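just to be clear, the model below is a prediction. Sequence and coordinates:
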Amino acid sequence: MKLSYFKQTCFYLLLFLPALINAQGINVNLSEKSKINFSGMLQTQFNYSLDKDVDIAGKHHTGTEYFSRNSFSVKRARLQLNATISDRINAVILVNFGDFTGNPQNKVLENAFIKYSINDYVNFQFGQFRPQFGQEDNYPVDFVRSIDYSNGYYLFGANSWQSFQIGASYFGSIKDLAVPIKYYIGVYNGNNRNQTGDNDDGKIVPARLVFGLGKSTELGLSGGAGKNMGQKIWAWGADIDYKKQLDERWNIEMVSEYKQGVNSVAYFDQTDPLVPVGHFGMRGIYLQPNAGYSFKHTRLKSLEVAFRYEYLDADFKQQGNARQSYIPMVSASFAEAYAIRVQVGLLMDRYQNNIPNTTQYNTNRLICQVQARF
């Protein structure tokens, strides 16, 4: 580990020392209106490749080099500080120590923002956080109904529309309407998280509207435009979230989403940029039904069965290589709100064209994930 990373680690350890001392979470009263709350989440995984020539990361191998087809790992080790400064202002810091297991550069720090709330209609947020550009932005990863976020979430995150970005946003909701509305608009640097500053004068401006269609359904519309290193970029999407409690034990949910936009990452990866940025397009769709059954008076609180289908093409206007993913999954929760959760899923990727010795190759991987929230 480089010295700078060692110093960064020490800083975060000192910052979250109270949470490390008391793993159950503590409240520290600073004044009559100020309070600090610590919480955390740990995710561990066992990953097993069912293909002899594919490693745990999904990379194909044709040579004789050694690689791993099964491995235990710590995927996330998060600690969060939530400071309620007044009845209108709070600050949040979220770090993921699991990033230190790989290359922590430009990682580790996830949320770092200040939120100022006046009422339901007027709220402001400043710092580093996830822009609102899809239904997945509303789910902390420990509440995701599959093994992880969708592949499209990470692709659009790399292009600055999702994941953790630095900027400011305005949001609110109007509840006393026949069709309730939530609205979000923000301005972000557009060069992803943990940067000391923007690398150009360009900014991205994503916006989102969410309409409540009855008690069970929400329709989301997202769109955005901006500039990256002088190049005009844009993206848009739509999603539907349906939730219903069938009775006191059974519940179902269906999440679906479509997104499309300019893949500026692919444009800047050109060795000799001759193709205009607008000729690099990315698009994807995913469907995810989920059914859950709750137990009473037992240590096992709930069982859930989910299946996610996703189609993603990172460069459909050029020579793209479409990826289809099928992920059936079963999860068991042994405490309320997924505080203790065990998930077992099968990740099956199918590419339009198999490319040997790359991650763009058909794979079948078994994943077991154990989660604890405190």
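That came through, no problem. Model, not experiment: these values are computed from the prediction. Residues are numbered from 1 along each chain as shown.

so where do the helices sit in the stretch 201-350 of the chain?
With helices called from DSSP state H, counting those that start in this stretch, the stretch 201-350 of the chain shows them at 264-268.

now Ser169: how far from Tyr184?
In this view, Ser169 and Tyr184 are 6 Å apart by CB to CB, to the nearest Å. All C-beta spots, glycine's among them, are computed from the backbone N, C-alpha and C.

find the residues that touch each one of these two.
Listed as contacting both Ser169 and Tyr184 by CB atoms under 8 Å, 6 or more residues apart in numbering are 131-132.

for the residue lying closest to Val74 once chain neighbours are set aside, give me phi and psi.
Leaving aside its sequence neighbours, Val74 sits nearest to Gly98 (CB to CB, 6 or more residues apart in numbering; 5.1 Å). Note on Gly98: backbone dihedrals following degrees, to the nearest 10 are phi -60, psi -20.

can you check the one 3 residues further on too?
Summarising the backbone geometry of Thr101 under the convention degrees, to the nearest 10, its torsions are phi -70, psi -20.

can you pull out the low-pLDDT segments for the protein?
For the chain, applying pLDDT under 70 flags the ranges 1-33.

ok, 80 please
Residue ranges of the chain with pLDDT under 80: 1-34, 101-106, 272-273.

name the SS class of the most far-flung residue of it relative to its centre, please.
Largest separation from the mean C-alpha position in the chain: Thr64, at 35.6 Å (CA atoms, centre = their mean). Per DSSP: H, G, I helix; E, B strand; the rest coil, the secondary structure class of Thr64 is coil.

what sits against the residue nearest to Val74?
Contacts of Gly98 (CB under 8 Å, 6+ apart): 43, 74-78.

ditto for Lys232
By CB under 8 Å, 6+ apart, the neighbours of Lys232 are 225-226, 262, 277-278.

could you do Lys243 as well?
Lys243 sits in contact with 216, 251-253, where contact means CB under 8 Å, 6+ apart.

counting contacts, what elements does the helix or strand encompassing Leu155 pack onto?
If you go by DSSP states H and E, Leu155 is part of helix 151-158. Helix 151-158 is packed against strand 250-262, strand 281-294, strand 302-313, with contacts defined by 3 or more CB pairs under 8 Å, 6 or more residues apart in numbering; DSSP states H and E.

related to what we said a few turns ago, which of the contacts of Gly98 fall in strands?
43, 74-78 (DSSP state E).

wait, Phe211 sits on Glu218?
Yes: counting by CB atoms under 8 Å, Phe211 touches Glu218, with 6.8 Å between them.

more neighbours: those two, which one.
Glu218 (19 against 14; other CB atoms under 10 Å).

which residue packs closest to Leu50, ignoring adjacent ones?
The shortest distance from Leu50 to any non-neighbouring residue, by CB to CB, 6+ apart, is to Asn364 (4.2 Å).

what helix or strand does that neighbour sit in?
Secondary structure (DSSP H and E) places Asn364 in strand 363-373.

list the buried residues of that strand.
363-365, 367, 369, 371-373 (16 or more other CB atoms under 10 Å).

just put those residues in TSV and tack on distance to Pro180.
Shown next, in TSV, are the buried residues of strand 363-373 (distance: CB to CB, whole Å):
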residue	distance to Pro180
Thr363	42
Asn364	43
Arg365	41
Ile367	37
Gln369	34
Gln371	32
Ala372	35
Arg373	29
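
thinking again about what came up before, which of the contacts of Lys232 lies closest to Ile56?
Using CB to CB, Val262 comes nearest to Ile56 of these, at 32.1 Å.

report the contact partners of the residue nearest to that closest one when sequence neighbours are not counted.
Leaving aside its sequence neighbours, Val262 sits nearest to Ile233 (CB to CB, 6+ apart; 4.4 Å). Ile233 is in contact with 159, 204, 225-227, 261-262, 264, 277, counting by CB under 8 Å, 6+ apart.

what subset of the residues you listed is buried?
By neighbour count, with 16+ other CB under 10 Å, the contacts of Ile233 hold 159, 204, 225-227, 261-262, 264, 277 as buried.

wait, which of these is closest to Phe126?
Ile204 (16.0 Å).

measure the closest one to Ala225 for me?
7 Å.

now the strands for the stretch 101-250 of the chain?
Applying DSSP state E, counting those that start in this stretch to the stretch 101-250 of the chain gives strands spanning 109-117, 123-129, 165-174, 181-188, 204-213, 217-228, 231-245, 250-262.

out of those strands, which is closest to Ile85?
Closest approach to Ile85 among those (CB to CB): strand 109-117, 8.5 Å.

OK, contacts around the residue nearest to Val210 when sequence neighbours are not counted?
The shortest distance from Val210 to any non-neighbouring residue, by CB to CB, 6+ apart, is to Lys182 (4.1 Å). Contact partners of Lys182, counting by CB under 8 Å, 6+ apart, are 171-173, 208-210, 212.

ok, so of those residues, who is nearest Asp241?
Among the contacts of Lys182, Val210 lies closest to Asp241 (CB to CB), at 8.8 Å.

the closest one contacts Ala238, doesn't it?
No: checked against CB under 8 Å, the pair Val210 and Ala238 is beyond contact range at 10.9 Å.

any shared contact partners between these two?
The overlap between the contact sets of Val210 and Ala238 (CB under 8 Å, 6+ apart) consists of 219-221.

returning to that earlier point: which one of the strands of the stretch 101-250 of the chain lies closest to Gly345?
Where the strands of the stretch 101-250 of the chain are weighed against each other on CB to CB, the nearest is strand 250-262, at 16.1 Å.

remind me what that closest one packs against, helices and strands.
Under the contact criterion of 3+ CB pairs under 8 Å, 6+ apart, strand 250-262 touches helix 151-158, strand 231-245, strand 281-294.

show me what counts as buried in that strand.
251, 253-262.

just the CA atoms of it, as CSV, please.
The C-alpha coordinates for strand 250-262 follow below in CSV (Å, rounded to 0.1, in the frame of the first residue of the first chain):
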residue,chain,number,x,y,z
TRP,A,250,-46.9,-12.6,0.6
ASN,A,251,-45.5,-9.6,-1.3
ILE,A,252,-44.5,-9.1,-4.9
GLU,A,253,-42.5,-6.5,-6.8
MET,A,254,-41.6,-5.9,-10.4
VAL,A,255,-38.9,-3.4,-11.4
SER,A,256,-38.3,-2.6,-15.1
GLU,A,257,-36.1,0.0,-16.8
TYR,A,258,-34.8,1.2,-20.1
LYS,A,259,-31.9,3.7,-20.6
GLN,A,260,-30.0,5.1,-23.6
GLY,A,261,-27.3,7.6,-24.0
VAL,A,262,-23.9,8.7,-25.4
